[in-house]
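Participant: Model the following, please.
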Amino acid sequence: MAMTVKQQFFLAILVIAIPLSAISGDLDILSDFVSVTYDILEVGFVDTTNKLFTRRLQADDMFVFPKGLVHYQFKSAWNDFAIAVSTFGSATAGTISDPSTIFTINIDDYILAKSFKTNVQTIQKIKEGFPPKA
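Facilitator: Numbering: from 1, shown residues only. The predicted structure follows:
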């Protein structure tokens with residue numbers, strides 16, 4: 001599979017930025033982003049007010065996740081695959097309560113069920129144990 005100009009540009013940025021970030025000591029320069037190289041992915045993140053933001057990415061799209069927020073990538077067609085390049089940094093890692101963030105906002109139950117390798121009914125039972133966010 002030949003690389004598009006956009007993919008070549010992206011690769012060039014990685015080749016230049018990673019050594020520069022290591023030299024400068026700023027490992028967060030490339031933290032938390034995804035670039036889809038084949039097919040379609042749904043991505044999303046939850047902001048600090050527990051609002052869910054989602055986007056549908058196609059090949060050659062890039063998405064930057066705000067640093068320190070819970071985020072996901074999801075491929076909806078189970079009989080196909082997607083290729084994506086993801087980079088995550090942890091130089092300034094913090095603590096986020098994933099269960100209360102994940103199960104108290106409007107991430108689709110089907111996406112959660114697939115992510116946790118369970119069924120929608122189990123996800124709904126888990127959600128019942130968390131009070132709704134104000």
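
Participant: Give me the average confidence score over the strand or helix carrying residue 127.
Facilitator: Assigned by DSSP states H and E, residue 127 belongs to helix 120-128. Averaging pLDDT along helix 120-128 gives 92.

Participant: domain ranges for this protein?
Facilitator: 5-95, 97-134 (automatic domain parsing).

Participant: Worst mean pLDDT among those?
Facilitator: Taking the mean pLDDT of the domains of the chain, domain 5-95 comes last: a mean of 68.

Participant: helices or strands up against the host helix or strand of residue 63?
Facilitator: Taking DSSP H and E as the criterion, residue 63 maps to strand 62-64. For strand 62-64, the elements it packs on are strand 33-38, judged by 3 or more Cβ pairs under 8 Å, 6 or more residues apart in numbering; DSSP states H and E. Every C-beta, even on glycine, is put in place using the N, C-alpha and C of the backbone.

Participant: Can you give me the buried ones in the strand it packs on?
Facilitator: Neighbour-count burial for strand 33-38, counted by 16 or more other Cβ atoms under 10 Å, picks out 33-37.
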